[in-house]
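# sequence plus the predicted model coming up.
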Amino acid sequence: MVATVKFHSFNIFRRFTLLLVPGLFTLATSLTLVSCTQESQKAQTQSPASNASDTKTSGIKTKVLRMGYQQAGDLVKVTQVLEKRLEPLGIKVEWAQFAQGPQLMEAMNVGKIDLGNVGETPPIFAQAAGAQIAYVVGRRSDGRKSAIAVPPDSPIQSVKDIKGQKVVFQKASASHYFIIRALEDVGLKYSDIQVLSIPNVEATSAFIEGKIPVWVTGDPHLARVEKLGKAKIIRTAQGLDSPGGYYVGTKQFAIDNPELLRIVIEEIDKIERWAEVNPKETAKLISPHQKLPPDVMDLVISRRGYGLRAISPDLIKEQQRIADYFYKNGLLPKPLNVQEAMLTTEQYAAITPPTISQK
């Protein structure tokens, strides 16, 4: 029988606690904020740099771009493509690291960062908490990098078997939507499991030690336990109708800096296109920053999703469906209109390069 572990929790959305049932959005760790500056270690790469000599600056009203990224790492930060493009314009890039998406969104809500990359779920809970945010551009994901895992010797063989079990994941993260959908697929309800909300960075060691019976997680933490032979995968997130992730910004920052956002999206798109056709080089770039063995990093890169998606009416409908799903399952106190966290059609036209897919 697999041992269980107890964890202390606390509130991640201070404002949100007034709206939700007590304890719904509690976490086991405080918001992790590590500010980094432009002088971070430069990438050892020949990846493409950009010429900014013809860049217009009329749509830029800031001298500092504050980027948030997650513990899972960020190729854009590692390669410093934004620094290379923005330095000639007199714009400094500052980076802040967070345990996961909910912590990143909370920092955005209190004005610590301007822009960050998260899954489909964190912006929904952030907007419900009153955060003035804007979806900037979408990101594709096929679900391969997320899974429900159990220890190798666990008697649990399928999602049906987790009924009544303690299930660990970060509430208000992409794993939150994943587990509810996975349960629904086998005829179970969210109330059929015992939820413990713990960020991946803290849950990893406990899972390796066999103290967590069921863990809903993603790369690079998932890849690490797989390569250690400590995990049995009972379900991935493939086929669970997620629209993918997003780059999300504070709404006023997005309105004030359309040209800056256009440059940022261009550079993200370029480096991701490069990474998609250069997986080995990409793994070598990120591995030192992740402090992961090469075989683990290769697995992470092999199932990483690439490609940006423009914010379109179809994508807005997909995200609205996710928000409605959380409300239907009693995890939001009232219906949420995601359109209120969108820019206008004209504003999206100004920040979205023509190379970005419209589907």
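Yep, that arrived. Numbering: from 1, shown residues only.
# helices of the stretch 51-200 of the chain, residue ranges please.
Secondary structure of the stretch 51-200 of the chain by DSSP state H, counting those that start in this stretch: the helices cover 75-79, 81-86, 101-109, 122-128, 174-185, 200-208.
# what packs against the second one?
Other elements packing on helix 81-86 under the criterion 3 or more CB pairs under 8 Å, 6 or more residues apart in numbering; DSSP states H and E are strand 64-70, strand 92-98, helix 258-277. To be clear about C-beta, it is placed using only N, CA and C from the backbone, and glycine gets the same treatment.
# in JSON lines, list these along with mean neighbour count and mean pLDDT.
Putting these into JSON lines (neighbours: other CB atoms under 10 Å; pLDDT from 0 to 100) gives the following:
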{"stretch": "strand 64-70", "mean neighbour count": "22", "mean pLDDT": "96"}
{"stretch": "strand 92-98", "mean neighbour count": "20", "mean pLDDT": "96"}
{"stretch": "helix 258-277", "mean neighbour count": "20", "mean pLDDT": "96"}
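# just so I know, which of these lies nearest residue 179?
strand 64-70 (18.8 Å; CB to CB).
# so which of the helices and strands packed on helix 81-86 is nearest residue 144?
helix 258-277 (14.5 Å).
# residue 250: neighbour count?
Neighbour count of residue 250, defined by other CB atoms under 10 Å: 21.
# mind listing what it touches?
Neighbour list for residue 250: 108, 111, 114, 115, 132, 133, 134 [criterion: CB atoms under 8 Å, 6 or more residues apart in numbering].
# who wins for most neighbours among those?
residue 108 (28 neighbours).
# from residue 253, how far out is the residue nearest to residue 267 when sequence neighbours are not counted?
Leaving aside its chain neighbours, residue 267 sits nearest to residue 81 (4.5 Å; criterion: CB to CB, 6 or more residues apart in numbering). Computed as CB to CB, to the nearest Å, the residue 81 to residue 253 distance reads 20 Å.
# which parts of stretch 173-192 are buried?
173, 174, 175, 176, 177, 178, 179, 180, 181, 182, 183, 188 (16 or more other CB atoms under 10 Å).
# likewise for stretch 203-222?
203-204, 206-208, 210-222.
# which of those fall in helices?
Among the buried residues of stretch 203-222, the members found in helices (DSSP state H) are 203, 204, 206, 207, 208, 221, 222.
# verify the stated contact: the fifth one with residue 228.
Yes. Contact between residue 208 and residue 228 holds when scored by CB atoms under 8 Å: they sit 6.6 Å apart.
# can you list the weak-confidence ranges in the stretch 151-300 of the chain?
Within the stretch 151-300 of the chain, no range satisfies pLDDT under 70.
# what's across from the residue nearest to residue 315 when sequence neighbours are not counted in the sheet?
Nearest residue to residue 315, sequence neighbours excluded (CB to CB, 6+ apart): residue 138, at 5.4 Å. Applying DSSP bridges to residue 138 gives these bridge partners: residue 246, residue 309.
# returning to what we had before: and the residue nearest to residue 267, how many neighbours does it have?
Neighbours around residue 81, by other CB under 10 Å: 25.
# if I look at it, how far off is residue 64?
17 Å.
# which one of the helices and strands packed on helix 81-86 lies nearest to residue 324?
Closest among these, using CB to CB: strand 64-70, at 25.8 Å.
# sheet-wise, list the partners of the closest one with their directions.
By DSSP bridges, strand 64-70 pairs with strand 92-98 (parallel), strand 115-118 (parallel).
# need those in TSV with distance to residue 270, can you?
Putting the strands paired with strand 64-70 into TSV (distance: least, CB to CB, whole Å) gives the following:
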stretch	distance to residue 270
strand 92-98	16
strand 115-118	16
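# of all those strands, which one is nearest residue 352?
Judging the strands paired with strand 64-70 by CB to CB, what sits closest to residue 352 is strand 115-118, at 14.5 Å.
# list the contacts of the closest one.
Residues contacting strand 115-118 (CB under 8 Å, 6+ apart): 65-70, 74, 98, 101, 104-105, 108, 136, 139, 174, 245-250, 253, 261, 264.
# quick check: mean pLDDT across it?
Averaging pLDDT along strand 115-118 yields 96.
# before we move on, what about stretch 83-91?
The model assigns stretch 83-91 a mean pLDDT of 97.
# which of the residues in that stretch are classified as buried?
Buried, per 16+ other CB under 10 Å, within stretch 83-91: 83, 84, 85, 86, 91.
# do stretch 97-114 as well
For stretch 97-114, using 16+ other CB under 10 Å, the buried residues are 97-109, 112-114.
# and of the residues you listed, the nearest to residue 306?
For these, the nearest to residue 306 is residue 101 (18.6 Å; CB to CB).
# I figured that closest one hits residue 124, correct?
No. In this structure, residue 101 is not within contact of residue 124 by CB under 8 Å, at 10.5 Å.
# for residue 169, grab the count of nearby residues.
Quick note: residue 169 (other CB under 10 Å) scores 26 neighbours.
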